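**Q** show me the folded form of this:
(4 chains)
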There are 4 protein chains.
Amino acid sequence: MIKAGIIGSTGYAGNELVRLLMGHKDAEIVWYGSRSYIDKKYSDVYRNMFEIVDEKCLDDNMDELAEKADVIFTATPQGLCASLVNDDILNKVKIIDLSADFRLKDVSVYEQWYKLEHKSPQYIKEAVYGLCEINRESIKGARLIANPGCYTTCSILTIYPLVKEGFIDPDTIIVDAKSGTSGAGRGAKVDNLFCEVNENMKAYGVLTHRHTPEIEEQLGYAAGKNIKIIFTPHLVPMNRGILVTAYANLSKQVTYDTVRAVYDKYYGNEKFIRILDKDICPETRWVEGSNYVDVNFKIDERTGRIVMMGAIDNLVKGAAGQAVQNMNLLFGLDETQGLLQVPMFP
Amino acid sequence: MIKAGIIGSTGYAGNELVRLLMGHKDAEIVWYGSRSYIDKKYSDVYRNMFEIVDEKCLDDNMDELAEKADVIFTATPQGLCASLVNDDILNKVKIIDLSADFRLKDVSVYEQWYKLEHKSPQYIKEAVYGLCEINRESIKGARLIANPGCYTTCSILTIYPLVKEGFIDPDTIIVDAKSGTSGAGRGAKVDNLFCEVNENMKAYGVLTHRHTPEIEEQLGYAAGKNIKIIFTPHLVPMNRGILVTAYANLSKQVTYDTVRAVYDKYYGNEKFIRILDKDICPETRWVEGSNYVDVNFKIDERTGRIVMMGAIDNLVKGAAGQAVQNMNLLFGLDETQGLLQVPMFP
Amino acid sequence: MIKAGIIGSTGYAGNELVRLLMGHKDAEIVWYGSRSYIDKKYSDVYRNMFEIVDEKCLDDNMDELAEKADVIFTATPQGLCASLVNDDILNKVKIIDLSADFRLKDVSVYEQWYKLEHKSPQYIKEAVYGLCEINRESIKGARLIANPGCYTTCSILTIYPLVKEGFIDPDTIIVDAKSGTSGAGRGAKVDNLFCEVNENMKAYGVLTHRHTPEIEEQLGYAAGKNIKIIFTPHLVPMNRGILVTAYANLSKQVTYDTVRAVYDKYYGNEKFIRILDKDICPETRWVEGSNYVDVNFKIDERTGRIVMMGAIDNLVKGAAGQAVQNMNLLFGLDETQGLLQVPMFP
Amino acid sequence: MIKAGIIGSTGYAGNELVRLLMGHKDAEIVWYGSRSYIDKKYSDVYRNMFEIVDEKCLDDNMDELAEKADVIFTATPQGLCASLVNDDILNKVKIIDLSADFRLKDVSVYEQWYKLEHKSPQYIKEAVYGLCEINRESIKGARLIANPGCYTTCSILTIYPLVKEGFIDPDTIIVDAKSGTSGAGRGAKVDNLFCEVNENMKAYGVLTHRHTPEIEEQLGYAAGKNIKIIFTPHLVPMNRGILVTAYANLSKQVTYDTVRAVYDKYYGNEKFIRILDKDICPETRWVEGSNYVDVNFKIDERTGRIVMMGAIDNLVKGAAGQAVQNMNLLFGLDETQGLLQVPMFP
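**A** Numbers count the residues shown, from 1 in each chain, chains lettered A, B, ... in the order given. Have a look, this model is predicted:
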């Protein structure tokens, strides 16, 4: 039985991690960390857990936790994990960081986009970017996993095969992404009040959103060169779900079949990636509550471009589900263990 | 492995039954019935099931199904199950009817409230009302289960202990119920369009809703006499969830502790009923996707009344989850098998 | 041209007051008060007002405002208006208080339910309860108007005629009310975040909500005696709208026609109260954005009770619209001036 | 007083037209056409109009209507207006067609994208495309106005100045548009049920949506050549609002100030177009219920592209509001008459 500790268990991603781990037969939670709710019963913070979780919330003591746990999930604001991690801890326990601290290999890019000084740049190099379908083998031996961002997971998986195979010009990529509001976190802000989000649609962080360099870095590896994209996130009045609509110029003559073959090549055996039938567009409702990524594409012969589309549940494949998938890989379990929830509709 | 057939698998309750049975380790679905979608792939009707269910939809042939299945779920409009069932079928297979055909013992009450002639009144007597927490023992030996209505499940379980123990005057009961829109079904009606339901709240079926006599009958058994209540359903702009706010005159002097003791007496050992802590009101978000019923109460000394509150997921405990719970009882399985989903929030 | 000042102009009710007054041909706003946003452009707080309102927010200086304005609206937290008002001010300017400070005639009831010391109880007696359809004549000569609460407006107007005429036993009244989330205000609280409210339904303030004594006092006047009711508010995932479903025991034999005649007697000539056709239930969508109150009722011969229903837009008839209606009465204008918005649907 | 007839008054756009015309001091409605609801009271179809509109719905008799009305609005499915219009009618009455029948100058493009034979191509040439801010002068003398589509209004106005001034390469334009569900109409379809739309986000009509050639034609006039764009509409779980996020390659070195100057040049005096302050993104909530178009842009020096954004209320500026604006122009009224509603929030 894997002993798991969660630092930041009372955010939405933390609570989703609890939900998933409660249904995981080889893992148990030994630490419900939450700086904001120390000594408060977890189920008083998230009443869905009433009579399911009896524990109280504990402080963010990573040293103590490293003694008790086999794996630590940090579902915390940027900067915290980097400030807590050290060699002693990494020698004792696996760390799966749901924040952005170890996602970007270039510390100056991190500091520029996040406006934060990185407290432990010495671990950036060894950290493995935990996008399981792409980095599966490297993940298995890692001590420190940088769990990908929600937008980035959906964006990269939607686009990756066509960049990797050179079907599109990566510098023409435009990612227009739409997210449910749970992605904005549980902090009490006027902008996220019901009446402000409901009956509204807006772009935000235009040209400055922090997931931009993360997508660029990962797709850059696939392209074999540095690339620059446009990434525009939007806030949608729904709880869960990310939809990505991505555009790029085709680099060659293609047909439906040749493009489909590329997606099949990379994802045909992937349990969690569903390549939809021709002309079926991904929709967030069909993946809600599950670890699936639904992808598809449409070729525009009129303009010589392609539209690529993907949908995930931002709290599952975009956060907690992928973190559990990484845990499964780290501990040699079946990668799908605890992650076979059927999407819940409606 | 229990072989299950579903007649009416493409309604919302049918789809939820599929979701739950896919996660049930002792059951498999052998028949996806759907008169409206014969020969269409089930996952083309419900794309959450893509790469999960490969079968096509079949016609409503209960005779053929009775040969293949151990249990048949009928998630169909009122009248259909009563028109299909016969002795031959009942001797071969268990039937769990999610419609109202066998819920009311008095056929004239059925015909009056449902404006339908009952096609097989001879089976009404033997049918067992499948409210598991109350009729557990009778369910176990039944051939035909009348799975309770969504509103009724929530209403009865919220009120039952206080009627049973004579703490309230049953003829003063008022049930003000609020339901998510999935309760209205998947039929294409203007009234259920997004723009008609969203940003709206309304009562409907005031004093005429068909769940009224069902609640009256069941609470009448607890009271030991015929009773008359007011039941008012409301439509809420959300997908899932029923909230019941019920009112009644107290029959005696009570305290929080004496009332709480009554709830504990009936529900203290019930896995799926959670009696909330003092002053915590049930909310639908805390039970979403799960088979839980959250209940609580508040005594009004000023008026000598009590407010009783309950919350369920209408598609789980209010329909498919309770149907699976009944199946578990019928087949001697652990009653919670396949039903331990942690409520999903947000 | 009436010069209006608003203290608390950046809450939802304040913003609605601005919207309505911008369309009022005989009034102009001279003061946009907002302690939280002093010196910030009003249209930076509410961008719907971009290029419509150019003014900046000002402090809550009622003395200065009394010099400049003919009427002051206080759309502020409880206690503020009572702490600012004095004889000098009341001699110069009309005050329409949207808070609860002057709604309850018995200061001890106020202090008990609001847990606040009342700072100017000497003005309670002269303040007029601004429910225009009932207190029209008294309003006209007042200096200080206590603008009714949102729930109370809808509850009282729904029930009033039947209490006044003795058709129901007022001590059996149960008001089950449902409100959109704008009623909870624009404060940054976790409980009002989109993800907490969306896909959820809950009761709150059960048996303790402060609108209870306000309804009791006003309906008590109609009954000619003190009464005690149950009032239960619920939060609904929508922006605007209050729906009231009220129950009471009938005091006499009635028919649809006799009850209808009573509603007609009191409301037949009221522009803003629409008595719906038989069997049509009020719905919040049909009044959204307007000052209308839609009411109806249904007699339950089975139980000897009546169900009374009403719907309003909580920000219009439940707050800003009624405040403008009071202003019109105070200044001798047509009562409907600036309030003839057609309800906006969808 | 202008006498207005509405054919198709019971769709969402028709009802919005009624709402706006009820508040227009120089117009009155003389004909509520609705083939689906003939002889039914209009306020039984749209209960917001109870006690406001007393008329019954009438058949689509354009000949008779041409005798009674000064202007006819056709808010009907594609093909209907083209099948009814003739010289006799056009000589008697102005026609403002809210359908697409006369928007495209090339009848073959119409027939290809709409899969319909055009029944009166002889009027296409004289019809004026009623995008008031761009075609104001031509509108004034027209007999037949092609009222622009909702997506197209928002898309064109967002992009137009930069195409007109040659700041962007028009063949690189990508329009990613998001619409509330009222844009899908009031027809009873499963896809538009509350539970299908709520908690979901999807693209639809990818590369095949009929507003594509309309945008291309109009922006082509600005560019002075034929252009090809990508247009992707998305369905959002909200009632009203369209948000456009558009991308294009810059044709030259630009700064914020030079681009801003171009927007100011074209829109600086336009009442209904609000160019937002630097870095403020348009949001649909800020224009709801009003005829405003909020626009802004952001330059991406990293990629040499520009992001252009716009927001409208699809039922007002995207349909009924623009139709009234066209009526005002046709009849020589103040263009803003009846259209100065302050946006309603929340």
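
**Q** wait, what's in contact with the closest residue to chain B within the stretch 201-346 of chain A?
**A** Chain B sits closest to residue A:343 of the stretch 201-346 of chain A, with a gap of 3.7 Å, by C-beta to the nearest C-beta. C-beta: built from backbone N, CA, C; applies to glycine. Counting by C-beta atoms under 8 Å, 6 or more residues apart in numbering or on different chains, residue A:343 makes contact with A:285, A:286, A:287, A:288, A:289, A:290, A:292, A:313, B:19, B:48, B:49.

**Q** report the secondary structure state of it.
**A** Following DSSP: H, G, I helix; E, B strand; the rest coil, we place residue A:343 in the coil state.

**Q** need the max-distance pair from the contacts of residue A:343.
**A** Across the contacts of residue A:343, no pair lies farther apart than A:313 and B:49, at 15.6 Å, counting by C-beta to C-beta.

**Q** what does the stretch 1-150 of chain A put close to chain B?
**A** For the stretch 1-150 of chain A, the residues in contact with chain B (C-beta under 8 Å from any C-beta of the partner chain) are A:12, A:15, A:18-19, A:22-23, A:46-52.

**Q** make it 6 Å
**A** Within the stretch 1-150 of chain A, the positions near chain B by C-beta under 6 Å from any C-beta of the partner chain are A:19, A:22, A:47, A:48, A:50, A:51, A:52.

**Q** the closest residue to residue A:85 other than its chain neighbours and residue A:323: what is the separation?
**A** Ranked by C-beta to C-beta, 6 or more residues apart in numbering or on different chains and with sequence neighbours excluded, the top spatial neighbour of residue A:85 is residue A:120, at 5.5 Å. Per C-beta to C-beta, to the nearest Å, residue A:120 is found 20 Å from residue A:323.

**Q** which of these two has more neighbours?
**A** residue A:323 (28 against 19; other C-beta atoms under 10 Å in any protein chain shown).

**Q** that one - that's part of a helix, no?
**A** Yes: assessed by three-state DSSP, residue A:323 belongs to a helix.

**Q** quick check, pLDDT for it.
**A** Residue A:323 carries a pLDDT value of 98.

**Q** what's it in contact with, if anything?
**A** Residue A:323 is in contact with A:73, A:96, A:98, A:147, counting by C-beta atoms under 6 Å, 6 or more residues apart in numbering or on different chains.

**Q** buried residues in the strand or helix carrying residue A:135?
**A** Using DSSP states H and E, residue A:135 falls within helix A:132-140. By neighbour count on 16 or more other C-beta atoms under 10 Å in any protein chain shown, the buried set for helix A:132-140 is A:132, A:133, A:134, A:135, A:139.

**Q** now do stretch A:93-107
**A** Applying a neighbour-count criterion of 16+ other C-beta under 10 Å, one finds A:93, A:94, A:95, A:96, A:97, A:98, A:99, A:100, A:101, A:102, A:103, A:104 buried in stretch A:93-107.

**Q** closest to chain D among those?
**A** Taking C-beta to the nearest C-beta as the measure, residue A:104 is the one of the buried residues of stretch A:93-107 closest to chain D, at 16.0 Å.

**Q** centre of the chain to the helix holding residue A:135, how far?
**A** 14 Å (C-alpha atoms, centre = their mean, to the nearest Å).

**Q** what of stretch A:259-279?
**A** Using C-alpha atoms, centre = their mean, the mean C-alpha position of stretch A:259-279 is found 20 Å from that of the whole chain.

**Q** which residues touch residue A:128?
**A** Neighbours of residue A:128 in contact, by C-beta under 6 Å, 6+ apart: A:138, A:139, A:142, A:145.

**Q** between which two of these is the distance greatest?
**A** Top of the distance list for these (C-beta to C-beta): A:138 and A:145, 9.7 Å.

**Q** how close does residue A:304 get to chain D?
**A** 9 Å (C-beta to the nearest C-beta, to the nearest Å).

**Q** could you count how many residues lie near that residue?
**A** 14.

**Q** tell me how many other residues crowd the nearest residue to it once chain neighbours are set aside.
**A** Counting by C-beta to C-beta, 6+ apart, residue A:304 lies nearest to residue A:250, which is 5.5 Å off, once chain neighbours are set aside. Counted with other C-beta under 10 Å, the neighbours of residue A:250 add up to 19.

**Q** can you tell me, leaving aside adjacent residues, what's nearest to residue A:267?
**A** Per C-beta to C-beta, 6+ apart, closest to residue A:267 is residue A:273, 4.2 Å.

**Q** so the one you found sits right up against residue A:293, yeah?
**A** Yes: Residue A:273 is in contact with residue A:293 according to C-beta atoms under 6 Å; the separation is 4.9 Å.

**Q** what about those two, which has more around it?
**A** residue A:293 (29 against 22).

**Q** check contacts around the more buried one.
**A** By C-beta under 6 Å, 6+ apart, residue A:293 lies in contact with A:157, A:273, A:310, A:312, A:317.

**Q** low-confidence ranges, the stretch 151-300 of chain A, go.
**A** Within the stretch 151-300 of chain A, not a single segment meets pLDDT under 70.

**Q** what segments of the stretch 101-250 of chain A are strands?
**A** A:128-129, A:144-146, A:174-179, A:202-203, A:230-235, A:242-249 (DSSP state E, counting those that start in this stretch).

**Q** the third one near chain C anywhere?
**A** No: Strand A:174-179 stays out of contact with chain C when judged by C-beta under 6 Å from any C-beta, the minimum separation being 11.8 Å.

**Q** ok, residues contacting that strand?
**A** By C-beta under 6 Å, 6+ apart, strand A:174-179 touches A:151, A:155, A:230-234, A:236, A:242-247, A:314, D:176, D:201, D:245, D:247.

**Q** secondary structure element for the closest residue to residue A:36 other than its chain neighbours?
**A** Using C-beta to C-beta, 6+ apart and skipping the chain neighbours, the partner closest in space to residue A:36 is residue A:10 (6.4 Å). For residue A:10, there is no helix or strand it lies in under DSSP H and E.

**Q** same deal with residue A:297?
**A** Short version, using DSSP H and E: residue A:297 is in strand A:293-300.

**Q** and the angle from that strand to strand A:242-249?
**A** Strand A:293-300 and strand A:242-249 are oriented at 30 degrees to each other (axes from the mean of the first three to the mean of the last three C-alpha atoms, to 10 degrees).

**Q** near chain C, which residues of the stretch 101-250 of chain A show up?
**A** Looking at chain C, the residues of the stretch 101-250 of chain A close enough under C-beta under 6 Å from any C-beta are A:181, A:182, A:188, A:189, A:190, A:192, A:193, A:194, A:195, A:197, A:198, A:239.

**Q** at 8 Å instead, please
**A** Near chain C, when you scan the stretch 101-250 of chain A using C-beta under 8 Å from any C-beta, you find A:181-182, A:186-190, A:192-199, A:237-239.

**Q** out of those residues, which are buried?
**A** Among these, those classed as buried by 16+ other C-beta under 10 Å are A:181-182, A:186, A:192-199, A:237-239.

**Q** restricted to helices, list those residues.
**A** Secondary structure defined by DSSP state H assigns A:194, A:195, A:196, A:197 of those to helices.
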